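> next comes the sequence, and after it the predicted model I'd like to discuss.
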Amino acid sequence: MQWEIVIGLEVHTQLSTQSKIFSGAPTRFGAAPNAQACAVDIALPGVLPVLNHGAVERAIRFGLSVGAKINSPSIFARKNYFYPDLPKGYQISQYELPVVAGGSVKIQVGGAGNQYEKTIRLTRAHLEEDAGKSLHEDFQGMTGIDLNRAGTPLLEIVSEPDMRSSDEAVAFAKSLHSLVRWIDICDGNMQEGSFRCDANVSVRLLGSDRLGTRCEIKNLNSFRFLEKAINYEARRQIEILEDGGTIRQETRLYDSDKNETRTMRSKEDAQDYRYFPDPDLLPLAISEDWINHVRTMLPQLPEVRRSNYITEYGLSSYDAGVLTSSKEMASYFERTVELLPAQAKLCANWIMSEVNGRLHKESLDIAQCPVTPAQLSLLLLRVSDGTISGKTAKDVFDAMWRIECNGDADLIIESKGLKQISDMSEIEKLIDDILAANPQQVSDYHSGKEKAFNSLVGQAMKATKGKANPSQVNDLLKKKLAG
Amino acid sequence: MLNSTLQQLSTLIAEKKISSVELTNEFLSRVKAQNPVYNAFITVNEEMSLFQAHAADAMIASGQGQPLTGIPIAQKDIFCAKGWLTTCGSKMLSNFISPYDAGVIERFNTVGAVNIGKTNMDEFAMGSSNETSFYGPVRNPWDITTVPGGSSGGSACAVAARMAPAATGTDTGGSIRQPAALCGISGIKPTYGLVSRYGMIAFASSLDQGGPMAKSAEDLALMMNVMVGFDTRDSTSLQRPSEDYSRDLARPLQGLRIGLPKEYFVEGLNADVASAVESAIAEYRKLGAETVDVSLPNTKLSIPVYYVLAPAEASSNLSRFDGVRYGHRAPEYIGLNDMYQKSRAQGFGAEVKRRILIGTYVLSHGYYDAYYIQAQKLRRLIAQDFSEAFKRCDIIMGPTTPTTSFPLGEKSGNPVQMYLSDTYTIATNLAGLPGMSIPAGFGNHNRPVGLHIIGNYFAEAQMLNVAHQYQQVTDWHIRIPDALTDL
């Protein structure tokens, strides 16, 4: 039997407002417990919520970026349940009329060789407040409550069940992650919980058009966990079905230590949240003027940038995708290529392999890259004009990374004497000397042994300490040996 | 002095014939002497009241006095007042000292009024007799064997027994007007959104509205001038140009069209109340008003609609009282759920629990559409009735309550009978309209009758004018209970 995995995601993005969604308390991460909880966050008797328009503006920005409809009015609703870190006994969220409806996100799935594109439809995105945190350690049999996070604005983005593999789910999550940072509505910090996913996973026989019973895996806060949790969960469901069992609809948790998902609560235990419109908040009206204003402030989207790179610079779809994975990355590429317009592919390759590799190794962000785009473009100019070889350029790049000679490629080449010898007569003399000193290899070459040629090239490069242009050496050697 | 109007006290203070400290002491002694009989106050704090009185005297000395500067005002215990015990009539908050001021309290503080004490009320404003208070029932000054009405019973009693010249109340289904009627004083519930709900402990957010209670319409106008105003901390607060609610008091009533809803004068209305109200309307005709018959066909649905919507909102509003952060927590419990259950079981009284249960039920999956959604639809119809009626009249009149005050305990065992006390007042809350009750004579056993005046949205100044003109030709509002012979 061939099975198909069906995945939908719910992504909670923490919006980058200075203050909370319904109070004036700050949203900074890492303050002392309850230092950032005001009367409204603590839910003192008599306090009331007042909507932060910065959160709404960010929701509109998201909606416009994914081609969604901005609902006006949208309605805030109360989701009622008791929990110690939920001070009001209800969460203010949106239920029947969310601020953003529909829309879609294009994703690129797979590596450089087998990449394909797919469109994932969005169901909705709605505004809501985060809860606080229960602290179970340090209190000996009691529970501490930290309400700093209570009231932090969230945009919950819900997709249609359009993904068919963990690769697609990860590509979608990454694409959203990149988008929300690109349009500056979320810092995307997954360790701090600014971007977390719930995955709805079900399986069905390939070719079936009916959805299987789904399980929801909660709170996946890394792309790796998202991938592993989906893979585990799909395997679990397939095994049950192949053994003739049925799937119980339930909410599950992923245990990254054991790499497994386990039951959190079943559908039968699901609470009745008794949603109803919050009478403390008026229906949220969003004028056309406001939407248009937000539209004019919107940066060019990664999607547009990507296709520009393909048409203007002749980059592959994969390369263009990597270079538009963040606004900072795109801007780094553009500032590099701006100074070296004829060498876009060279710039792209260097940024994707050398720069990215180095950043990754040292866990740095591109914004923290010690080599500036201008410095990189000078280095690549020296590669393209033949001053140094690509191999030497890597050594120069290492030196630039260490900010030797202020990161100036020319100064480094000069001080280390790495300039390629391209003076023909100098190389010619050198080759004549080598040929004279190696009669055995010359005769081996003439009797058809290719290896002998390589040895001669090696000796020539060694003699010039790698500064000779390898292709010139090749050409010249062949000519001399033939002559 | 104790029997003076706000206007008179204001003049005495402005002319420095009496200081705020003297006046405050006078009322504090009165409270000390009378409160054991009436139980109108939950908290009296002489030190804090006198501190404010001193500050008020300094304000007056520096020429910054305003009409209510230095005048003692009783505050319903539903308004959070910084440093004051704020209980909402509940054991749940019997240990809650508010760290902040409600918007309304702030406005009184700004003009230098003196908080003379926090008044008793039905628990979380749920009740029509003041019998649901954790702090015990309030007595009606006209007959201490009867109830003062509720939920603002403490405020109504404080004014009627001359323990305060005026008080604040809140009205979700009649909680200002019904006790005003039963205690023979004047009270107005403004248009929804005029008075800030910030710091006013929520019962049913879409219906709750604060307002003043005083002896006369003229005094209510002075109170309105302080209480009404936009508050950014309340999203349902309305931003409008400020008004002087006293501006139209003197206007003659010639040509005023009074609508009389036929549904208000049928079965259920006691004969003594009906005859007092009819006499009041006859008085209005003498003042030049004409009456027109109007109909509010959906008004009979007010009580069922209200007892779906108000409990629904209340069940959610009262969820924050969970014993976790403040308020009552059970002394002994095992685990989280046990703590919730015991704290709430111990902290809330029977009527509050009843409404939480009703509200939880009507919001539950499978019942929501049949109850909550249906009630919202009917709420709109009830509001439409009024807009239709106001096409034919300027003001609507009727009885505030179907009966005069009733004996303590008479209805406390029968919730539905109790709910019917608000049969005439609830519809205005559902429509968001302003409503008012003024004394209009006496029924059997010399118990006060209230005349209900309903205006169109934002017609408060006109309603006060209508009431004031009546109070110029009648003396019901200045009568005092026989028991208060010392006055």
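On my side now, so go ahead.

> mind listing what B:I453 touches?
B:I395, B:I396, B:M397, B:G435, B:M436, B:S437, B:I438, B:M463, B:V466, B:A467 (Cβ atoms under 8 Å, 6 or more residues apart in numbering or on different chains). Using the backbone N, CA and C atoms, a C-beta is placed for each residue, glycine as well.

> tell me the pLDDT at the closest residue to the third one other than its chain neighbours?
Using Cβ to Cβ, 6 or more residues apart in numbering or on different chains and skipping the chain neighbours, the partner closest in space to B:M397 is B:I258 (5.3 Å). You'll see B:I258 listed with a pLDDT of 98.

> surely B:I258 is in a strand?
Yes. Counting by DSSP: H, G, I helix; E, B strand; the rest coil, B:I258 is part of a strand.

> for it, which residues are in contact?
B:I258 neighbours (Cβ under 8 Å, 6+ apart): B:I281, B:Y284, B:A289, B:E290, B:T291, B:V292, B:C393, B:D394, B:I395, B:I396, B:M397.

> now the third one: how far from B:R257?
Between B:A289 and B:R257 the distance, using Cβ to Cβ, to the nearest Å, works out to 7 Å.

> ok, those two, which is more surrounded?
Higher neighbour count among B:A289 and B:R257: B:A289, with 23 against 15, using other Cβ atoms under 10 Å in any protein chain shown.

> might one say that that one is in contact with B:G259?
No. Applying Cβ atoms under 8 Å, one finds B:A289 not in contact with B:G259, separated by 10.8 Å.

> where does chain A dip in pLDDT?
A:422 (pLDDT under 70).

> interface residues of it facing chain B?
By Cβ under 8 Å from any Cβ of the partner chain, the residues of chain A that approach chain B are A:39, A:42-51, A:78, A:80, A:82, A:84, A:87-90, A:143, A:145, A:272, A:274-276, A:279-282.

> in what helix or strand does B:R379 lie?
helix B:374-389 (DSSP states H and E).

> now that helix: how far from the chain's centre is it?
23 Å (Cα atoms, centre = their mean, to the nearest Å).

> same thing with stretch B:50-66?
Distance of stretch B:50-66 from the chain centroid (Cα atoms, centre = their mean) equals 28 Å.

> what mean pLDDT would you report for it?
Per-residue scores along stretch B:50-66 average to 96.

> can you pull the buried residues of it?
B:L50, B:F51, B:Q52, B:A53, B:H54, B:A55, B:A56, B:D57, B:M59, B:I60, B:G65, B:Q66 (16 or more other Cβ atoms under 10 Å in any protein chain shown).

> for the first one, helix, strand, or coil?
Okay, so that is B:L50. helix.

> for it, list the residues it contacts.
B:V21, B:T24, B:N25, B:L28.

> 6 Å instead?
B:T24 (Cβ atoms under 6 Å, 6 or more residues apart in numbering or on different chains).

> name the SS class of residue 181, please.
This is for chain A. helix.

> think we crossed wires, I meant chain B
Per three-state DSSP, B:A181 ends up helix.

> ok, it - how many residues close by?
The number of residues near B:A181, taken as other Cβ under 10 Å, comes to 34.

> excluding residues flanking it in the chain, which one is nearest it?
Per Cβ to Cβ, 6+ apart, closest to B:A181 is B:G450, 2.4 Å.

> give me the element the one you found is part of.
Assigned by DSSP H and E, B:G450 falls in strand B:448-454.

> try A:V158
Residue-wise, A:V158 maps onto strand A:153-159 under DSSP H and E.

> now what about the helix or strand that contains B:A282, what contacts it?
Following DSSP H and E, one finds B:A282 within helix B:271-286. Outside helix B:271-286, the residues that touch it by Cβ under 6 Å, 6+ apart are B:I258, B:P399, B:A440, B:G441, B:G443, B:N444, B:V449, B:L451.

> return the residues of chain B in contact with chain A.
For chain B, the contact set with chain A under Cβ under 6 Å from any Cβ of the partner chain comprises B:80, B:100, B:102, B:198-201, B:205-206, B:234-235, B:313, B:316, B:319-320, B:324-325, B:340, B:363-365.

> what about 7 Å?
For chain B, the residues in contact with chain A (Cβ under 7 Å from any Cβ of the partner chain) are B:80, B:86, B:88, B:93, B:96, B:100, B:102, B:197-202, B:205-206, B:232-236, B:312-313, B:316, B:319-320, B:322, B:324-325, B:336, B:340, B:360, B:363-365, B:372.

> buried subset of those residues?
The buried subset of the residues of chain B next to chain A (16+ other Cβ under 10 Å) comprises B:80, B:86, B:88, B:93, B:96, B:100, B:102, B:197-202, B:205-206, B:233-236, B:312-313, B:316, B:319-320, B:322, B:324-325, B:340, B:360, B:363, B:372.

> filter those down to the ones in strands?
The strands, defined by DSSP state E, take in nothing from those.

> among those, which are in helices?
B:A312, B:E313, B:S316, B:Y340, B:T360 (DSSP state H).

> identify the residue spatially nearest to the last one, adjacent ones excluded.
Just to be clear, that refers to B:T360. Closest residue to B:T360 apart from its sequence neighbours, by Cβ to Cβ, 6+ apart: B:S315 at 4.7 Å.

> for the one you found, give me its contacts.
B:I356, B:G359, B:T360, B:L363 (Cβ atoms under 7 Å, 6 or more residues apart in numbering or on different chains).

> ok, now how distant is the second one from B:E313?
For B:G359, the distance to B:E313 (Cβ to Cβ) stands at 7 Å.

> for the last one, same thing?
Spatial separation of B:L363 from B:E313 under the definition Cβ to Cβ is 9 Å.
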